[in-house]
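A.B. asks: coordinates for the following, if possible.
(2 chains)
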Amino acid sequence: MVYDSIANALIPSPASNPKDLAKKKRVNRTAKLKQSKLDVRREQWLSQVKNKGSKEENRGADRPKTPARDMHGSNEGESRPMVKLVINPGGGEENDGMMNHYSDWESPSNSPTSHTSSLASNRSVTNFTGGSSSGSSSSSSGSGSCGCYSGSMTEEDDGDDGCLDDWEAIADALAADEIKSETDHNINPESQVNDHVPQLEPVETVKDEGMNCHVQVNRRAWRPDDAFRPQGLPNLLKQNSFPMNSERNHGSGAWGFKTAGFSPIPMTCPICCEDLDLTDSSFLPCPCGYRLCLFCYKRILEDNGRCPGCRKQYEQCEQGIVTSKMARSYSMIPSR
Amino acid sequence: MQASRARLFKEYKEVQREKVADPDIQLVCDDSNIFKWTALIKGPSETPYEGGVFQLAFSVPEQYPLQPPQVRFLTKIFHPNVHFKTGEICLDILKNAWSPAWTLQSVCRAIIALMAHPEPDSPLNCDSGNLLRSGDVRGFQSMAKMYTRLAAMPKKG
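C.D. replies: This next block holds a predicted model:
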């Protein structure tokens, strides 16, 4: 995803026209870019912590499992750099089976009809979603959190509890455990039996995403609106503002659609297709609710000054600075 | 200009994605020039244009989407609001009622709607307009049908 946003940010940048605005936009973009990288890091960290938490619960239940998830392994190269973070199996007896157990998030073996390995992989998916969705806002989790894989979990097998010193980790673990234990039982009661089926090859997508999807959404330890959510956590909703996410959501079937649709504010300007930054997205020039970026707004004022959404004159509902602007731009329009 | 390019590029992707969604419209971009598009639209059913496939040529200005694209019929069509020789279309959203919120795809839809509901009071094709205004719906329909057969249908046998 980082790469996506890089590409996304860079491509349109030569596109912005007049100098000042273009510069400003570019600066914004780099800032956004950095922010996005940071967010991804955080997600990874968060989800690792989370996985530890869930592992803890699992151990309590005396079930061996440490599914590794390689979310994009098969289809997107971009996941690779994150997977590196994963590494150290940390060791131990139990790990052998588990480390082999790469289940692909989008593996066709997830289809309900296939044999035991499907159960296993389903199982693993369940485990992991706890980690991933908690760290990331739902729509971006697909890409952002793909590094959240099992390194931390296996470490945990050693009884390395040092990491739980972190209060956030503990809280996370508790929250995740609650939900986890429910969903685990609901979805795959028999899965513990089959956990050791090795599944080395990440395979291609398709089925069952819908099913996993609701699990994932539920797995978040803190919802963005949760009162107990620590202030210090990054606001992951921000990730939604990257246009690539929306693209991807459309592409990724049921899962994407489910998570995509909750933002009424468009992520890109419908006129010029540039990203809407914070100022833009809080800018509501017309009572009809049609949003656009300030840049296009200015261009429209210089043109005919009518809202693209309802064709009414903008100035009818504006005051202050804008009206003075309008007065100037009016002189250019013969018909008015 | 760059804004129009970005916008057109997005529309292009949109069209690729929705290809299946609207079987009546096939919108393709010129291979070398993103400001030139061609569309194939099917004549709406229950009109004299039914069964015909009409080709439209889009020429997109660099101020797009603030300025409307220029559209004309490449296929001959007998319609009060389409110039019989040049294919020019008289449609308000292509002139003063244009809004940047429109897309090439939605323009195609508007043109299909115009085919189904001609406006004989602002004719570009006076013969056609006069037929309709004088109430000779049957005359109009048979003329339009004939030209649809002649120009917009694949020739058989």
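
A.B. asks: could you look up the SS state of residue B:37?
C.D. replies: strand (DSSP: H, G, I helix; E, B strand; the rest coil).

A.B. asks: the spatially most central residue of chain B in helix, strand or coil?
C.D. replies: Nearest residue to the geometric centre of chain B (Cα atoms, centre = their mean): residue B:111, 4.3 Å. In three-state terms, and counting by three-state DSSP, residue B:111 is helix.

A.B. asks: could you verify my assumption that it touches residue B:71?
C.D. replies: Yes: counting by Cβ atoms under 8 Å, residue B:71 is a contact partner of residue B:111 at 7.0 Å. Every C-beta, even on glycine, is put in place using the N, C-alpha and C of the backbone.

A.B. asks: what sits in contact with each of these two?
C.D. replies: Residues touching both residue B:111 and residue B:71 by Cβ atoms under 8 Å, 6 or more residues apart in numbering or on different chains: B:56, B:89, B:91.

A.B. asks: need the residues you listed in a markdown table (columns: distance to chain A).
C.D. replies: Below are the shared contacts of residue B:111 and residue B:71 laid out as a markdown table (distance: Cβ to the nearest Cβ, whole Å):
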| residue | distance to chain A |
| --- | --- |
| B:56 | 23 |
| B:89 | 20 |
| B:91 | 15 |
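
A.B. asks: got a markdown table for those residues, with neighbour count and distance to residue B:133 too?
C.D. replies: Below are the shared contacts of residue B:111 and residue B:71 laid out as a markdown table (neighbours: other Cβ atoms under 10 Å in any protein chain shown; distance: Cβ to Cβ, whole Å):
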| residue | neighbour count | distance to residue B:133 |
| --- | --- | --- |
| B:56 | 22 | 26 |
| B:89 | 22 | 19 |
| B:91 | 21 | 18 |
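
A.B. asks: can I get these in TSV with secondary structure?
C.D. replies: Output for these, formatted as TSV (three-state DSSP):
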residue	secondary structure
B:56	strand
B:89	strand
B:91	coil
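
A.B. asks: could I get these as TSV with pLDDT?
C.D. replies: Output for the shared contacts of residue B:111 and residue B:71, formatted as TSV (pLDDT from 0 to 100):
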residue	pLDDT
B:56	95
B:89	95
B:91	93
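
A.B. asks: avg pLDDT for stretch B:71-78?
C.D. replies: Averaged across stretch B:71-78, pLDDT comes to 95.

A.B. asks: quick one: buried residues of the lowest-mean-pLDDT helix or strand in chain B?
C.D. replies: Counting by mean pLDDT, DSSP states H and E, chain B has its least confident helix or strand at helix B:2-17, which shows a mean of 87. Neighbour-count burial for helix B:2-17 flags B:2, B:3, B:4, B:5, B:6, B:7, B:8, B:9, B:10, B:11, B:12, B:15 (criterion: 16 or more other Cβ atoms under 10 Å in any protein chain shown).

A.B. asks: same check on stretch B:39-59?
C.D. replies: B:39-44, B:47-49, B:52-58.
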